[in-house]
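Engineer: Below is the sequence, then the predicted model.
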Amino acid sequence: MSDRLYPQRPLIGASVAVFREGKVLLAARINTEHAPIYSLPGGLVEIGETLEEAALRELMEEVGVSARILGFAGHVEVIDRDHDGKVRRHFVVNAFAAEWVEGEPVTGPEAPHLQWVDPHATGGIAVTKGLGAILKRAASILTLNDR
(Lines give C-alpha, C1' and ligand atoms only; values in the text may rest on other atoms or scores of the structure.)
Protein backbone atom coordinates (compact mmCIF):
# COMPACT_ATOMS: atom_id res chain seq x y z
CA MET A 1 0.00 0.00 0.00
CA SER A 2 1.33 3.40 -1.01
CA ASP A 3 1.94 5.96 1.74
CA ARG A 4 -0.46 8.16 -0.24
CA LEU A 5 -3.30 5.68 0.21
CA TYR A 6 -5.18 5.66 3.51
CA PRO A 7 -2.97 8.39 5.01
CA GLN A 8 -2.86 9.21 8.71
CA ARG A 9 -3.29 12.91 7.93
CA PRO A 10 -3.86 15.10 4.86
CA LEU A 11 -0.91 15.37 2.50
CA ILE A 12 0.20 18.85 1.46
CA GLY A 13 0.83 19.51 -2.21
CA ALA A 14 1.94 22.51 -4.25
CA SER A 15 1.30 23.21 -7.92
CA VAL A 16 1.90 26.04 -10.33
CA ALA A 17 -0.07 27.65 -13.17
CA VAL A 18 2.73 28.71 -15.51
CA PHE A 19 1.76 31.31 -18.10
CA ARG A 20 3.56 31.92 -21.38
CA GLU A 21 2.18 34.16 -24.14
CA GLY A 22 -1.29 34.09 -22.57
CA LYS A 23 -1.49 30.31 -22.27
CA VAL A 24 -1.12 28.08 -19.22
CA LEU A 25 0.77 24.78 -19.08
CA LEU A 26 -1.26 21.70 -18.16
CA ALA A 27 0.10 18.22 -17.53
CA ALA A 28 -1.75 14.91 -17.67
CA ARG A 29 -1.54 12.99 -14.43
CA ILE A 30 0.13 9.59 -14.52
CA ASN A 31 -2.70 7.52 -12.96
CA THR A 32 -5.38 8.13 -15.57
CA GLU A 33 -7.38 5.02 -16.41
CA HIS A 34 -8.82 5.95 -19.81
CA ALA A 35 -8.33 9.42 -21.29
CA PRO A 36 -5.76 11.81 -19.84
CA ILE A 37 -6.94 14.07 -17.03
CA TYR A 38 -5.07 17.37 -16.99
CA SER A 39 -4.00 19.46 -14.04
CA LEU A 40 -1.19 21.79 -13.06
CA PRO A 41 2.34 20.46 -12.65
CA GLY A 42 2.97 19.86 -8.97
CA GLY A 43 3.49 17.38 -6.18
CA LEU A 44 4.00 16.89 -2.48
CA VAL A 45 5.81 19.37 -0.26
CA GLU A 46 8.99 17.96 1.29
CA ILE A 47 10.12 18.57 4.86
CA GLY A 48 11.86 21.96 5.19
CA GLU A 49 10.43 23.30 1.93
CA THR A 50 8.11 26.26 1.56
CA LEU A 51 5.03 25.87 -0.62
CA GLU A 52 6.59 28.09 -3.30
CA GLU A 53 9.85 26.14 -3.25
CA ALA A 54 7.95 22.87 -3.62
CA ALA A 55 5.86 24.21 -6.52
CA LEU A 56 8.95 25.40 -8.42
CA ARG A 57 10.91 22.19 -7.69
CA GLU A 58 8.04 20.01 -8.87
CA LEU A 59 7.65 22.12 -12.01
CA MET A 60 11.31 21.58 -12.89
CA GLU A 61 11.27 17.87 -11.98
CA GLU A 62 8.05 17.06 -13.82
CA VAL A 63 8.35 19.12 -16.99
CA GLY A 64 11.77 20.84 -17.06
CA VAL A 65 10.46 24.40 -16.85
CA SER A 66 11.56 27.34 -14.66
CA ALA A 67 9.12 30.04 -13.62
CA ARG A 68 8.74 33.08 -11.38
CA ILE A 69 5.94 32.97 -8.80
CA LEU A 70 3.56 35.95 -9.04
CA GLY A 71 1.07 35.06 -6.32
CA PHE A 72 -1.10 32.50 -4.56
CA ALA A 73 -4.04 31.28 -6.67
CA GLY A 74 -5.84 29.22 -4.04
CA HIS A 75 -6.11 25.66 -2.85
CA VAL A 76 -8.07 22.54 -3.72
CA GLU A 77 -8.95 19.80 -1.27
CA VAL A 78 -9.08 16.30 -2.70
CA ILE A 79 -10.78 13.77 -0.43
CA ASP A 80 -11.50 10.35 -1.88
CA ARG A 81 -13.37 7.73 0.16
CA ASP A 82 -13.60 3.99 -0.49
CA HIS A 83 -16.88 2.04 -0.63
CA ASP A 84 -16.83 1.71 3.19
CA GLY A 85 -16.52 5.48 3.63
CA LYS A 86 -12.92 5.33 4.85
CA VAL A 87 -10.65 8.11 3.56
CA ARG A 88 -8.56 6.55 0.79
CA ARG A 89 -6.76 9.75 -0.26
CA HIS A 90 -6.65 13.26 1.18
CA PHE A 91 -4.60 16.03 -0.41
CA VAL A 92 -4.60 19.78 0.13
CA VAL A 93 -3.03 21.25 -3.01
CA ASN A 94 -1.86 24.87 -2.89
CA ALA A 95 -1.64 26.51 -6.32
CA PHE A 96 0.44 29.47 -7.44
CA ALA A 97 0.34 31.70 -10.51
CA ALA A 98 3.69 32.12 -12.25
CA GLU A 99 5.25 33.39 -15.43
CA TRP A 100 7.47 31.19 -17.58
CA VAL A 101 11.20 32.00 -17.35
CA GLU A 102 12.94 29.26 -19.34
CA GLY A 103 12.87 25.68 -20.54
CA GLU A 104 10.71 23.91 -23.08
CA PRO A 105 8.30 21.51 -21.36
CA VAL A 106 9.14 17.83 -21.76
CA THR A 107 6.97 14.84 -21.00
CA GLY A 108 8.04 12.25 -18.45
CA PRO A 109 6.72 9.54 -16.16
CA GLU A 110 4.73 11.97 -14.00
CA ALA A 111 3.48 14.06 -16.92
CA PRO A 112 3.04 11.85 -20.01
CA HIS A 113 1.05 14.53 -21.89
CA LEU A 114 1.51 18.31 -21.85
CA GLN A 115 -0.26 21.19 -23.52
CA TRP A 116 -0.47 24.96 -23.40
CA VAL A 117 -4.12 26.04 -23.20
CA ASP A 118 -6.24 29.15 -22.90
CA PRO A 119 -6.85 29.50 -19.14
CA HIS A 120 -10.42 30.69 -19.78
CA ALA A 121 -11.38 27.85 -22.13
CA THR A 122 -9.62 24.51 -21.72
CA GLY A 123 -11.19 23.23 -24.92
CA GLY A 124 -13.23 20.40 -23.48
CA ILE A 125 -10.27 18.40 -22.18
CA ALA A 126 -10.77 16.51 -18.91
CA VAL A 127 -9.35 18.43 -15.94
CA THR A 128 -9.09 17.79 -12.22
CA LYS A 129 -11.76 19.02 -9.81
CA GLY A 130 -11.41 22.71 -8.96
CA LEU A 131 -8.93 23.49 -11.73
CA GLY A 132 -11.24 25.96 -13.49
CA ALA A 133 -11.49 28.21 -10.44
CA ILE A 134 -7.73 28.04 -9.84
CA LEU A 135 -7.02 28.97 -13.48
CA LYS A 136 -9.41 31.92 -13.27
CA ARG A 137 -7.68 33.27 -10.13
CA ALA A 138 -4.22 32.60 -11.58
CA ALA A 139 -5.10 34.48 -14.78
CA SER A 140 -6.32 37.46 -12.75
CA ILE A 141 -3.03 37.50 -10.81
CA LEU A 142 -1.15 37.50 -14.11
CA THR A 143 -3.28 40.41 -15.36
CA LEU A 144 -2.59 42.43 -12.19
CA ASN A 145 1.16 41.87 -12.60
CA ASP A 146 1.07 43.00 -16.24
CA ARG A 147 -0.22 46.45 -15.30
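Structural biologist: That came in fine, so what should we check first?

Engineer: Can you check the distance spanned by stretch 82-91, start to finish?
Structural biologist: This stretch, stretch 82-91, spans 15 Å end to end (C-alpha to C-alpha, to the nearest Å).

Engineer: what's it in contact with?
Structural biologist: The contact list for stretch 82-91 (C-beta atoms under 8 Å, 6 or more residues apart in numbering) reads 4-7, 9-13, 77-81. Just so you know, the C-beta spots here come from the backbone N, C-alpha and C atoms, and that holds for glycine as well.

Engineer: So which of those wins on neighbours?
Structural biologist: residue 13 (22 neighbours; other C-beta atoms under 10 Å).

Engineer: Could you check how far that residue is from residue 104?
Structural biologist: Distance of residue 13 to residue 104, computed by C-beta to C-beta, to the nearest Å: 25 Å.

Engineer: returning to that earlier point: out of the contacts of stretch 82-91, which one sits closest to residue 133?
Structural biologist: Here the nearest of the contacts of stretch 82-91 to residue 133, counting by C-beta to C-beta, is residue 77; it sits at 12.3 Å.

Engineer: Could you list the low-confidence segments of the chain?
Structural biologist: Within the chain, the ranges that satisfy pLDDT under 70 run 1-2, 30-34, 147.

Engineer: Try it again at 80.
Structural biologist: The model of the chain has pLDDT under 80 over residues 1-3, 29-35, 123, 146-147.

Engineer: How about the most centrally placed residue in the chain: what's its closest non-neighbour residue?
Structural biologist: For the chain, the residue nearest the mean C-alpha position is residue 40 (2.7 Å; C-alpha atoms, centre = their mean). Spatial nearest neighbour of residue 40, excluding adjacent residues (C-beta to C-beta, 6 or more residues apart in numbering): residue 15 at 3.9 Å.
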